[in-house]
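Q: Got a predicted model here, sequence first, then my questions.
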Amino acid sequence: MSDLRIKGRRRGKRVTIRVNGAPVAAYTGETLFAALLAAGIRTLRHSFNNPAKTARGGFCGMGVCQECRVTVDGLPDRRACMTEVREGMEVATDGR
Ligand code: FES
């Protein structure tokens, strides 16, 4: 899987989270939203109001827009941008 992080920056300890069952590298201190973006995962859910079911993803990155909601360890509607990663975290996008 790709890693879009800026090279050469100091980071926390490397951990592995699982997103829809697939392992994704992350670093302690990162938000889940940052880890997902770094892994190239931008679609976090699909619109339920729009008949076209358009793809939705994080917008503000600071807890306001609610567009980054995912399921974390079985808890639905967690804002990825307000959730810090930790080893073994299980993430499901799009209400999975
Ligand atoms: S990106 Fe806007 S609330 Fe998370």
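A: Yes, it's here. Residues are numbered from 1 along each chain as shown.
Q: which stretches of this protein form helices?
A: Assigned by DSSP state H, the chain shows helices spanning 32-38.
Q: where does it dip in pLDDT?
A: Scanning the chain for pLDDT under 70 picks out 1, 95-96.
Q: Quick check: residues of it near the ligand?
A: 33, 58-61, 63-68, 79, 81 (Cβ under 6 Å from any ligand atom). Glycine gets a C-beta too; all of them are placed from N, C-alpha and C.
Q: Report the buried members of these.
A: Among these, those that count as buried by neighbour count (16 or more other Cβ atoms under 10 Å) are 33, 58, 61, 67-68, 79, 81.
Q: Save these as a markdown table, and put in distance to Arg45 too.
A: Converted to a markdown table, those look like this (distance: Cβ to Cβ, whole Å):
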| residue | distance to Arg45 |
| --- | --- |
| Phe33 | 13 |
| Gly58 | 10 |
| Gly61 | 16 |
| Glu67 | 8 |
| Cys68 | 9 |
| Arg79 | 12 |
| Cys81 | 14 |
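Q: Among those residues, which are located in strands?
A: Members of those lying in strands (criterion: DSSP state E): Arg79.
Q: Neighbours of Ala25, how many?
A: Neighbours of Ala25 under the rule other Cβ atoms under 10 Å: 15.
Q: let's have the chain start at 7 instead
A: Okay, using 7 as the starting number, the last item reads as Ala31.
Q: wait, what's in contact with it?
A: 7, 9, 20-22, 41, 45 (Cβ atoms under 8 Å, 6 or more residues apart in numbering).
Q: which one is Pro29 nearest to, not counting chain neighbours?
A: Thr22 (5.1 Å; Cβ to Cβ, 6 or more residues apart in numbering).
Q: Correct me if wrong: that neighbour contacts Glu93.
A: Yes. Contact status for Thr22 versus Glu93: in contact at 6.7 Å, counting by Cβ atoms under 8 Å.
Q: can you give me the strands in the protein?
A: Using DSSP E, the strands assigned to the chain run over residues 20-25, 28-33, 51-52, 61-62, 75-78, 81-85, 96-98.
Q: which one of those lies closest to Lys13?
A: With Cβ to Cβ as the criterion, Lys13 lies closest to strand 28-33 of those, at 13.2 Å.
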